[in-house]
Structures are given as C-alpha cells and as structure tokens.
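Chemist: A structural model of the following input is requested.
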Amino acid sequence: MTTKAETKTAKTDYVIEPGKQEITITRVFDAPRELVFKAFTDPKLVSQWFGPREYTTTVDKMEARPGGLWRFVQRNQNGDEFAFHGVHHDLVAPERIIATFEFEGVPGHVLLQTVNFEPLGQKTKLVEQLVFQSVADRDGMVASGMQEGSDDSMDRMAEILETLKAQRV
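Modeler: You can find the predicted model right below:
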C-alpha cells in the first residue's frame, strides 16, 4: 500500500508495502540541500522540528560524524518523556546520513535509517528509507502513529527552512 499525506505547504509520500520490512518517505523541500542537511545535523534546529508539534524535543546528544551518537528526548503536555537514540554509521555532508534509530520505550527494536539529500536546483528531494528487523517491527511503528508524527515533523522542518532561507538573503 502506498499512502500519501497532503499538507498545506507540500506533501510527504510514504511507501509502506504489506509484508516488507521497510518504509520509504519522500519529501521535496523548497531549500538548497546544504540547508536541509543542516536541519538534520544541527542540534538547535533538530529540536525545533523533530516530532509532533505539541511535543517539545531536547537534543541530549548529537555527534554528527561517522560513529557519533545521537539521542533526542520528547516531552508531551503531561510531562511524559519519550526518548530515541542511535549511532551515525555514515555521514557525508550534504549528501547522506545513515544511522540506527531505537525508541527507548521499546528497547531492542533497532531500525536502520538512510536519508539521502538530492539536489533539485534550489530545492531538495529528501528520500528516507527505514529498514526494520522484522515486518512486525515495521507494522508496530506504523500502528504507533509514526506517519502523523512524521508529517508534523516534515511540515515543521519546511517552516524552519523558510526562516533559514530568509536569514540568508
């Protein structure tokens, strides 16, 4: 099944096929890839776009280099915390990031995330591939509301990129 989420600023496309251990997320941002890459690797920017809008995100650790660790903590309005962490396996600015991703609330279910930043003139096509250890893990992530959180994150990133572009002028 391929699903698409429409937003007021752009759309994020999801490829979620039955029986497969992966999800592919694609979004075109109206910003050069250096800025989009920076939004993924600058802790001050990550904290502004990662996760649902109603949560706050703190970047506990962000070592944007091969072998570097990362950890983000989200808090909802009730003060509940949700943490995620991983290791950057490959990081080639501004082309690609390959890292592990694990939700600390369900330890032991690690996925491999590959994010490619493809230049389209002054725009950037972001292609994110998530590969899970099992179809059950992938289906669990989908059932958890991942797509809604991802939509919100992508919309928030687009907003931050507009602000960054305006500051460069």
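
Chemist: quick one, helices of the protein?
Modeler: Counting by DSSP state H, residue ranges of the helices within the chain are 33-41, 43-49, 135-143, 146-168.

Chemist: how far is the third one from where the chain is centred?
Modeler: This means helix 135-143. 17 Å (Cα atoms, centre = their mean, to the nearest Å).

Chemist: neighbours of Gly108, just the number please.
Modeler: Burial of Gly108 is recorded as 7 neighbouring residues (other Cβ atoms under 10 Å). Just so you know, the C-beta spots here come from the backbone N, C-alpha and C atoms, and that holds for glycine as well.

Chemist: mind checking pLDDT for it?
Modeler: We have a pLDDT of 93 for Gly108.

Chemist: neighbours around the residue nearest to it when sequence neighbours are not counted, how many?
Modeler: If you skip the residues right next to it in sequence, Gly108 has Glu102 as its closest partner in space, 7.9 Å away by Cβ to Cβ, 6 or more residues apart in numbering. The number of residues packed near Glu102 is 17, by other Cβ under 10 Å.

Chemist: ok, what's across the strand from Glu102?
Modeler: The residues paired with Glu102 through beta bridges, assigned by DSSP bridges, are His85.

Chemist: my guess is it contacts Val110. True?
Modeler: Yes - proximity of Glu102 to Val110 meets the contact threshold set by Cβ atoms under 8 Å, at 4.7 Å.

Chemist: list residues touching both of those two?
Modeler: Gly86 (Cβ atoms under 8 Å, 6 or more residues apart in numbering).

Chemist: how about the helices of the chain in TSV, adding mean neighbour count, mean pLDDT and distance to Thr57?
Modeler: Supplementary listing: the helices of the chain in TSV, determined by neighbours: other Cβ atoms under 10 Å; pLDDT from 0 to 100; distance: least, Cβ to Cβ, whole Å:
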stretch	mean neighbour count	mean pLDDT	distance to Thr57
helix 33-41	21	96	13
helix 43-49	18	97	5
helix 135-143	15	94	18
helix 146-168	16	93	9
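
Chemist: and those: which comes nearest Tyr55?
Modeler: Distances from Tyr55 to each of the helices of the chain were compared using Cβ to Cβ; the minimum, 8.6 Å, belongs to helix 146-168.

Chemist: who are the packing partners of that closest one?
Modeler: If contacts are counted by 3 or more Cβ pairs under 8 Å, 6 or more residues apart in numbering; DSSP states H and E, helix 146-168 sits against strand 2-6, strand 11-15, strand 22-29, helix 33-41, helix 43-49.

Chemist: gap between it and the chain center?
Modeler: When C-alpha coordinates are averaged (Cα atoms, centre = their mean), helix 146-168 and its chain have centres 11 Å apart.
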